[in-house]
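S.K.: Quick one: sequence plus predicted model below, questions after.
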Amino acid sequence: MIISASSDYRPAAQRILPPFLFHYIDGGSYTETTLRHNVDDLSQIALRQRVLKNMSDLNLETKLFNETLSMPVALAPVGLCGMYARRGEVQAARAAARKGIPFTLSTVSVCPIEEVAPAIDRPMWFQLYVLRDRGFMRNALERAKAAGCSTLVFTVDMPTPGARYRDAHSGMSGPNAAMRRYWQSVTHPQWAWDVGINGRPHDLGNISAYRGSPTGLQDYIGWLANNFDPSISWKDLEWIREFWDGPMVIKGILDADDARDAVRFGADGIVVSNHGGRQLDGVPSTARALPAIADAVKGDIAILADSGIRNGLDVVRMIALGADTVLLGRAYLYALATHGERGVEALLTLIEKEMRVAMTLTGARTIADITSDLLVRELGR
Ligand code: FNR
């Protein structure tokens, strides 16, 4: 299949991935209402068309935490990328670096920090979950610092995992013979994916560095699910500050009061996010939540946003709603699963092209020109 639009990657990924992995990526929680609203609400944002403004010279560059980004886009932290493509985190990070944007390594990556960070020539971002085991957290932060990671993305919307029924049906979160066979194949010593760094056997990267190789994906997910910590509060973030002196971004803010608390705490940024509709179903889409948050804190803190962005036009829409930079989740995973590093790079090229078209036709010459002034109307839902 010839991929010519960013939306082509999803059906291609569905054809190539084992069903339990496709649905793990594609699915959300409960009835997936928030997941659908993320995409639908964003697609309904209408922009003002402006003409005859000599738009021959566009500049998509943006600055964030002393880094220059070729466009206001970064790759979101996503677990288990190394299951979607061989050494998946390395492939995605290379594509992002080549396109001049940050890659965020998830706490639950397959490839370890020490493998991904040296594979690229720009500083990586690192995402941390709050886990009951504070020793694990501290160790992960120290490793991220030692590997030169520039920005910490601290995800706070997972004090308990959301109920994802597609995973229950597919076997991702229960016994499943197909999944066991797949797991055995990717962890088998003879198989290409099994060759980790320096010929060490395939491991589970960040997690296994602490607890040793688990016997299977279900063990891994079970261990993780039992380690999320519902007791988390702003006090825990003070503790993190002792181990991290770089920029710190709080991911999973969906309410203006929490955004104000993040400013009071002294965070450098927030990610307005509902975790791609994977946590509490029924919370508002990011497109709906973002304007009130931007009204409350724009200019006081960097506003990043994700959930539902599928193309370059969506990036422009999210920025018009109040974001400074956006994160891509599923959009890049579908490309990674189908075409690896080249796919992620091609997707980012498409996103840039789509942004250029949207900017040209709305009269926005720079990212700073993309403001709420471009919006035709707020969402009605
Ligand atoms: C995620 N997300 C996520 N977030 C995080 O902070 N740490 C993680 O390990 C993961 N893992 C993860 C796995 C998969 C398969 C998905 C789809 C998502 C959430 C992610 O960072 C981001 O918030 C959403 O993906 C954004 O929504 P869209 O763009 O996928 O709709």
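M.R.: Good, I have the coordinates.
S.K.: contacts and neighbour counts: CA atoms only from here.
M.R.: Will do.
S.K.: And residue 78, how far from the ligand?
M.R.: From residue 78 across to the ligand, the span is 4 Å (C-alpha to the nearest ligand atom, to the nearest Å).
S.K.: Skipping adjacent residues, who's closest to that residue in space?
M.R.: Spatial nearest neighbour of residue 78, chain neighbours left out: residue 106 (5.4 Å); criterion: C-alpha to C-alpha, 6 or more residues apart in numbering.
S.K.: Enumerate the residues of this structure near the ligand.
M.R.: 24-25, 76-79, 106-108, 155, 273, 275-276, 306-309, 328-330 (C-alpha under 6 Å from any ligand atom).
S.K.: Just the buried ones from those residues?
M.R.: 24-25, 76-78, 106-108, 155, 273, 275-276, 306-309, 328-330 (16 or more other C-alpha atoms under 10 Å).
S.K.: circling back: quick one: pLDDT of the residue nearest to residue 78?
M.R.: Looking at residue 106, its pLDDT stands at 94.
S.K.: repeat for residue 258
M.R.: pLDDT at residue 258 comes out at 98.
S.K.: secondary structure class for it?
M.R.: Per DSSP: H, G, I helix; E, B strand; the rest coil, the secondary structure class of residue 258 is helix.
S.K.: now it: how far from residue 297?
M.R.: As judged by C-alpha to C-alpha, to the nearest Å, residue 258 and residue 297 stand 10 Å apart.
S.K.: Who has more neighbours out of those two?
M.R.: Using other C-alpha atoms under 10 Å as the criterion, residue 258 and residue 297 rank with residue 297 on top: 20 against 14.
S.K.: pretty sure that one contacts residue 259?
M.R.: Yes. Here residue 297 reaches residue 259: they are 6.8 Å apart, a contact under C-alpha atoms under 8 Å.
S.K.: what's the neighbour count on the nearest residue to residue 373 once chain neighbours are set aside?
M.R.: Excluding the flanking residues, the one nearest residue 373 by C-alpha to C-alpha, 6+ apart is residue 320, at 7.6 Å. Residues near residue 320, counting by other C-alpha under 10 Å, number 22.
S.K.: Kindly report the same for residue 162.
M.R.: Quick note: residue 162 (other C-alpha under 10 Å) scores 18 neighbours.
S.K.: Please identify which helix or strand holds it.
M.R.: Using DSSP states H and E, residue 162 sits within no helix or strand.
S.K.: again with the one 4 residues further on
M.R.: With elements taken from DSSP H and E, the one containing residue 166 is helix 165-170.
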